[in-house]
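>>> only the shape, not the letters, is given here:
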């Protein structure tokens, strides 16, 4: 069956350092991969996505890398700030599923001042 | 605030009672999704609507669960005869048909069944 998972449940970094959060997926038919940030008491917030025909996509302070050969996805956050502390989820969707997203279990990022 | 809103934010009920949650999506979004999230887990898909039509339901959505979107705008999720295992955060999201993978989530309704 399909699954989306993250390598580490927790990650602690020093403020100003770069963070890398990893995700492995199993379904090679996925069209889009999405990273969400969820703060305590809030719903997931869209950060960035990448289409399956791309290897890299950059946003503001964030970069997503996709390695389809090993079915691996990563989110890089540059100059991590205390406000980046949250749970990060990767998710995948397939067009045939009309946008239904399958989420992994999340990595809790803690930024130490 | 023109984002997705959900009411109530918290609901405590006794086992066996019925509960209903409401979701108001972003106004121009024609797709609306319901997810369930338990502590430490990622959201799990329950069902989705395109306009007023319910197009897909997860096997997680037992016959005690029913969702409606009567006018293609707000949606309600009802759980009948609640069980302790129904305790979770119920999340609503909305999107456009094009770019449906970009979903905008509401703050969720946290249900506690005693």
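Thanks, I have it. All values reported here derive from a predicted model rather than from experimental measurement.

>>> where in the chain is pLDDT low?
In the absence of a named chain, this looks at chain A. Counting by pLDDT under 70, the ranges of chain A that qualify are A:1-3, A:5-7, A:96-97.

>>> should've been chain B
Counting by pLDDT under 70, chain B has low-confidence residues at B:1.

>>> ok, and the most centrally placed residue in it, which helix or strand is that part of?
For chain B, residue B:34 is the residue whose C-alpha lies nearest the centre (C-alpha atoms, centre = their mean; 3.4 Å). Taking DSSP states H and E as the criterion, residue B:34 maps to strand B:31-37.

>>> quick one, what contacts the residue nearest to the centre of chain B?
Residue B:34 makes contacts with B:23, B:45, B:46, B:47, B:48, B:67, B:75, B:77, B:90, B:91, B:92, as judged by C-beta atoms under 8 Å, 6 or more residues apart in numbering or on different chains. To be clear about C-beta, it is placed using only N, CA and C from the backbone, and glycine gets the same treatment.

>>> 7 Å instead, please
With contact taken as C-beta atoms under 7 Å, 6 or more residues apart in numbering or on different chains, residue B:34 is in contact with B:46, B:47, B:67, B:77, B:90, B:92.

>>> do the same with residue A:85
Residue A:85 makes contact with A:109, A:110, A:111, according to C-beta under 7 Å, 6+ apart.

>>> now those in TSV, with distance to residue A:85 and neighbour count?
What follows is the contacts of residue A:85, written out as TSV (distance: C-beta to C-beta, whole Å; neighbours: other C-beta atoms under 10 Å in any protein chain shown):
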residue	distance to residue A:85	neighbour count
A:109	6	21
A:110	6	13
A:111	5	20
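
>>> make JSON lines from those and add distance to chain B to it.
Written out in JSON lines, the entries for the contacts of residue A:85 read as follows (distance: C-beta to the nearest C-beta, whole Å):
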{"residue": "A:109", "distance to chain B": "15"}
{"residue": "A:110", "distance to chain B": "15"}
{"residue": "A:111", "distance to chain B": "20"}
